[in-house]
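In: kindly return the folded structure for what I paste below:
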Amino acid sequence: MVITKNKDFTAVILAGGKNTRIQREKSLIKIQGDYLIDKQVTLLESIFENIIISTSKKAISSRFPSLQIVEDEYIHCGPLGGIHAAMKYAHTDAVFVFACDMPYLDAKVILQQIAVFRNSKLDILVPKHAEGIEPLHAIYSRANLPFLEECLQTGKYSVRSFYKKSNTGYLDFESRYINNFYNINTPRDLQKII
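Out: Residues are numbered from 1 along each chain as shown. The predicted structure follows:
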């Protein structure tokens with residue numbers, strides 16, 4: 001499949017988490033001989049012209065000197081702080097945001113999200129499947145920035161905090177796609193994929 005790189009979206013890797021449940025840097029877990037974040041960057045470079053990594057960790061930022069690295073302005077606020085920082089520094093109108101602990105990113109799924117978002121008037125597009133929604137594999141318009149800042153300033157750190165204030169849509173995926181949204185939170189999650 002030949003992919004034309006998207007110039008009007010920025011891919012954002014959220015890699016700033018504390019990893020308290022797994023007690024190790026999730027993005028630097030080796031899967032089939034490669035670091036997870038290396039595999040993700042390789043995939044994203046085939047889809048996006050612009051990639052941002054949201055992290056303050058030198059072990060990650062030093063691996064990618066050619067990529068834009070941003071640090072949270074609002075610290076200790078979870079993924080919302082990372083989304084805010086990336087959104088603030090992105091040069092595109094929309095960002096595709098995902099967590100660094102997702103080992104099964106799929107280009108077809110991402111491209112489907114981009115196509116639906118591009119042909120809509122939505123400000124947020126979130127995947128939805130039988131097990132729930134995926135706020136950390138979603139597309140956000142930078143028009144959401146004021147809502148994010150309001151949430152961060154008032155201590156509402158859930159990524160979903162501002163969904164009701166925006167034109168939010170959900171893209172349904174069949175159960176066979178659930179694995180594409182799998183993420184590693186615990187040692188048990190890691191064992192399942194190893």
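In: contacts and neighbour counts: CA atoms only from here.
Out: Fine.
In: so in this protein, which strand runs the longest?
Out: strand 6-14 (DSSP state E).
In: quick check, distance from that one to the centre of its chain.
Out: Remark: strand 6-14 is offset 9 Å from the chain centroid, using C-alpha atoms, centre = their mean, to the nearest Å.
In: same check, this time on stretch 88-102
Out: Centre-to-centre, stretch 88-102 and its host chain are 6 Å apart (C-alpha atoms, centre = their mean).
In: kindly check the end-to-end length of it for me.
Out: 23 Å (C-alpha to C-alpha, to the nearest Å).
In: just the residues contacting it, thanks.
Out: When contacts are defined by C-alpha atoms under 8 Å, 6 or more residues apart in numbering, stretch 88-102 is touched by residues 7-15, 26-27, 36-37, 40, 52, 70, 83, 87, 136-143, 145, 180-185.
In: beta partners for the residue positioned nearest the centre of the chain?
Out: The residue lying closest to the centre of the chain (C-alpha atoms, centre = their mean) is residue 98, at 1.4 Å. Taking DSSP bridges, one obtains residue 13, residue 137 as the residues bridged to residue 98.
In: quick check: residue 147 touching residue 162?
Out: Yes - counting by C-alpha atoms under 8 Å, residue 162 is a contact partner of residue 147 at 6.0 Å.
In: do a quick rundown of the helices in the chain.
Out: Applying DSSP state H to the chain gives helices spanning 36-45, 58-61, 79-89, 107-118, 145-153, 187-193.
In: neighbours of the residue nearest to residue 94 when sequence neighbours are not counted, just the number please.
Out: Closest residue to residue 94 apart from its sequence neighbours, by C-alpha to C-alpha, 6 or more residues apart in numbering: residue 141 at 4.2 Å. For residue 141, the neighbour count with other C-alpha atoms under 10 Å is 20.
In: any idea how far residue 148 is from residue 141?
Out: From residue 141 to residue 148 the distance is 11 Å (C-alpha to C-alpha).
In: same question, residue 98
Out: 16 Å.
In: return the residues in contact with residue 10.
Out: Neighbours of residue 10 in contact, by C-alpha under 8 Å, 6+ apart: 48, 49, 50, 51, 52, 90, 91, 92, 94, 95, 96.
In: next, count neighbours for the last one.
Out: Applying the criterion other C-alpha under 10 Å, we find 24 residues in the vicinity of residue 96.
In: then the fifth one?
Out: Residue crowding around residue 52 was assessed by other C-alpha under 10 Å; the count is 22.
In: partner residues bridging it?
Out: For residue 52, the beta-bridge partners are residue 12, residue 68 (DSSP bridges).
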